[in-house]
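Student: Predicted model follows, preceded by the sequence.
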Amino acid sequence: SYSQNPFRQLYSEISSYTFYDKLYYKIGIDQFDEFKSKGTSNEGVSALTLPLILTYDLGGGNSITSYIEHQNKNTHLRNESIGVNSSENYQSKYLSLTYNYVNFISFSFFYEDEIFEKKIFDTIWNKGINVWRGYDITAKINSTSQLSIFYGSQKGGLVCANGVCAEQPGFDNGIKLTLRTII
């Protein structure tokens, strides 16, 4: 990422329909690098993400969709004036499975885990694993509205959907009711 100061993102994908347009797949690869330098300190982020989407059309408005993602993310911070050199490494896996019934109601299962290791110089000071699981039922109320009931846990952070990104808080072991509508 040093040669692409301050930012670089390369994304490529292959997608297609197959089996008489019954199966849709999309396989991608995303390399994200960011580097910031201020005086005697610099910090950087590098992430490699491998997403996979599979959707199978069962006919009659019924389908099964899976989204699988694997990501390796590394961050580093180096401050020469105070002599600090730290890094954080993350490996995360995300899986969602959705059954859509007659384009009216969908049932989803979500799973995400994140293995992390944090270092100061070459000494590990924190490592572990975080796991989030959840279940969702979403019903289409009309052509512009849908209602969702979610039970479980979700990781907080930047969430992007349909070209809109927002910072979302984490959610642990509870129920969430969401009404989405377009005016």
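Tutor: It's in.

Student: number of nearby residues for K140?
Tutor: A count of nearby residues for K140, using other C-beta atoms under 10 Å, gives 15. Where you see a C-beta, it was placed from the backbone N, CA and C, and this is true even at glycine.

Student: Please name the residues that touch it.
Tutor: K140 is in contact with N103, F104, I105, Q146, counting by C-beta atoms under 8 Å, 6 or more residues apart in numbering.

Student: just the buried members of those residues?
Tutor: Q146 (16 or more other C-beta atoms under 10 Å).

Student: Next step: the contacts of K140 restricted to strands.
Tutor: Among those, the members falling in strands (DSSP state E) are I105, Q146.

Student: got the contacts of K140 as a markdown table, with distance to A47 columns?
Tutor: Listed next are these as a markdown table, based on distance: C-beta to C-beta, whole Å:
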| residue | distance to A47 |
| --- | --- |
| N103 | 35 |
| F104 | 37 |
| I105 | 35 |
| Q146 | 31 |
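
Student: Can you say which helix or strand has the residue lying closest to N72 once chain neighbours are set aside in it?
Tutor: Computed as C-beta to C-beta, 6 or more residues apart in numbering, the closest residue to N72 that is not its neighbour in sequence is L48, at 5.0 Å. Assessed by DSSP states H and E, L48 sits inside strand 41-59.

Student: go on, A166?
Tutor: Using DSSP H and E, A166 falls in strand 164-168.

Student: what's next to that strand, contact-wise?
Tutor: When contacts are defined by C-beta under 8 Å, 6+ apart, strand 164-168 is touched by residues Q154, G156, G157, L158, V159, C160.

Student: Compare those residues and tell me which has the most neighbours.
Tutor: Highest neighbour count within the contacts of strand 164-168, by other C-beta under 10 Å: Q154, with 20 neighbours.

Student: This completes my enquiry, with thanks.
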